[in-house]
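S.K.: Predicted model and sequence follow; I will ask about them next.
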Amino acid sequence: AQTVTQSQPEMSVQEAETVTLSCTYDTSENNYYLFWYKQPPSRQMILVIRQEAYKQQNATENRFSVNFQKAAKSFSLKISDSQLGDTAMYFCAFITNYGGSQGNLIFGKGTKLSVKP
Amino acid sequence: DTGVSQNPRHKITKRGQNVTFRCDPISEHNRLYWYRQTLGQGPEFLTYFQNEAQLEKSRLLSDRFSAERPKGSFSTLEIQRTEQGDSAMYLCASSARGALYGYTFGSGTRLTVV
């Protein structure tokens, strides 16, 4: 079975500090894509960052970066210089791509991040 | 580009009633997805359209659920004979290049079955 595990249901961080959200996943496929989505309170989910599994280089998007460890099936998200607007649920997700046939996006249960002033 | 629009935002219905939700994707996106999110869980895939064709349906989509996307534009999700277990947030997402490149989500329709 393909699963995503986010072991931290809730986390908090002081404004301007750095926080890392954990994610592990399980799949037997070798070709897949990993994502972090952010869901602010009462607002729509937005894509934060995307990683292609065949790329060894970790993806970065401004203050957001990932630590992708393929052998360990780990995909953590680091948020630097945390801002109050980063307060949200963060979901880790992945999708497989086998022979051009895409699977479905599989999400973890999420981590609720609170940024404190 | 006004994003993905979902209506209504909230729906309260009595058990046994039928409900219908609407999703208007970003106009140039030919791929449309429905997900369901229950409290404390991540979204779960329900169904996927490419243009007007429904290409995939989850086992979660029981016979009481039906989705359409006439003319490849907006989509509707209907739930017949609602049950309390159907209470959830129903999310719509669209994409121009496919799920591998990420989705644009709507704000969702929150369904409460009483």
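M.R.: Cool, got the structure.
S.K.: Surely residue B:33 is in contact with residue B:94?
M.R.: Yes. Using Cβ atoms under 8 Å, residue B:33 makes contact with residue B:94 at a distance of 7.2 Å. C-betas here are computed from N, CA, C, even on glycine.
S.K.: who touches both of those two?
M.R.: residue B:103 (Cβ atoms under 8 Å, 6 or more residues apart in numbering or on different chains).
S.K.: count of residues packed around the nearest residue to residue A:21 once chain neighbours are set aside?
M.R.: Leaving out its chain neighbours, the residue that sits closest to residue A:21 by Cβ to Cβ, 6 or more residues apart in numbering or on different chains is residue A:77, at 4.5 Å. Close neighbours of residue A:77, defined as other Cβ atoms under 10 Å in any protein chain shown, add up to 23.
S.K.: so how far is residue B:67 from residue A:77?
M.R.: Here residue A:77 is placed at a distance of 32 Å from residue B:67 (Cβ to Cβ, to the nearest Å).
S.K.: give me every residue that touches the residue nearest to residue A:21.
M.R.: A:20-21, A:23, A:36, A:48-49, A:64-66, A:90, A:92.
S.K.: Determine the three-state secondary structure at residue A:95.
M.R.: Three-state assignment for residue A:95 (DSSP: H, G, I helix; E, B strand; the rest coil): strand.
S.K.: what's the closest non-adjacent residue to it?
M.R.: Closest to residue A:95 by Cβ to Cβ, 6+ apart is residue A:105, at 4.9 Å.
S.K.: hey, what's the residue nearest to the spatial centre of chain B bridged with?
M.R.: Ranked by distance to the mean C-alpha position of chain B (Cα atoms, centre = their mean), the top residue is residue B:34 at 3.4 Å. Here residue B:34 shows beta-bridge partners residue B:47, residue B:92, assigned using DSSP bridges.
S.K.: which residues does it contact?
M.R.: Residue B:34 is in contact with B:23, B:45-48, B:67, B:75, B:77, B:90-92, counting by Cβ under 8 Å, 6+ apart.
S.K.: let's go with 7 Å and repeat that
M.R.: Going by Cβ atoms under 7 Å, 6 or more residues apart in numbering or on different chains, residue B:34 touches B:46-47, B:67, B:77, B:90, B:92.
S.K.: Give the burial count for whatever residue of chain A ends up closest to chain B, as a bare number.
M.R.: Closest residue of chain A to chain B, Cβ to the nearest Cβ: residue A:107 (3.1 Å). Counted with other Cβ under 10 Å, residues neighbouring residue A:107 total 22.
S.K.: Residue B:57 versus that one, what's the distance?
M.R.: Going from residue A:107 to residue B:57 by Cβ to Cβ gives 18 Å.
S.K.: what about chain A, any weak spots by pLDDT?
M.R.: Along chain A, the parts satisfying pLDDT under 70 run over A:98-103.
S.K.: Give the burial count for the residue nearest to residue A:95, as a bare number.
M.R.: Applying other Cβ under 10 Å, we find 26 residues neighbouring residue A:105.
S.K.: List the residues that contact the closest residue to residue A:54 other than its chain neighbours.
M.R.: Ranked by Cβ to Cβ, 6+ apart and with sequence neighbours excluded, the top spatial neighbour of residue A:54 is residue A:31, at 6.7 Å. Counting by Cβ under 7 Å, 6+ apart, residue A:31 touches A:53-54, A:96-98.
S.K.: Buried ones from those, can you make that a ChimeraX selection?
M.R.: What follows is the ChimeraX syntax selecting those of the contacts of residue A:31 that are buried according to 16 or more other Cβ atoms under 10 Å in any protein chain shown:
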select /A:53,96,97
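S.K.: Take the contacts of residue A:31 and write them to a markdown table, including distance to residue B:62.
M.R.: Conversion of these to a markdown table gives the following (distance: Cβ to Cβ, whole Å):
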| residue | distance to residue B:62 |
| --- | --- |
| A:53 | 33 |
| A:54 | 37 |
| A:96 | 25 |
| A:97 | 28 |
| A:98 | 27 |
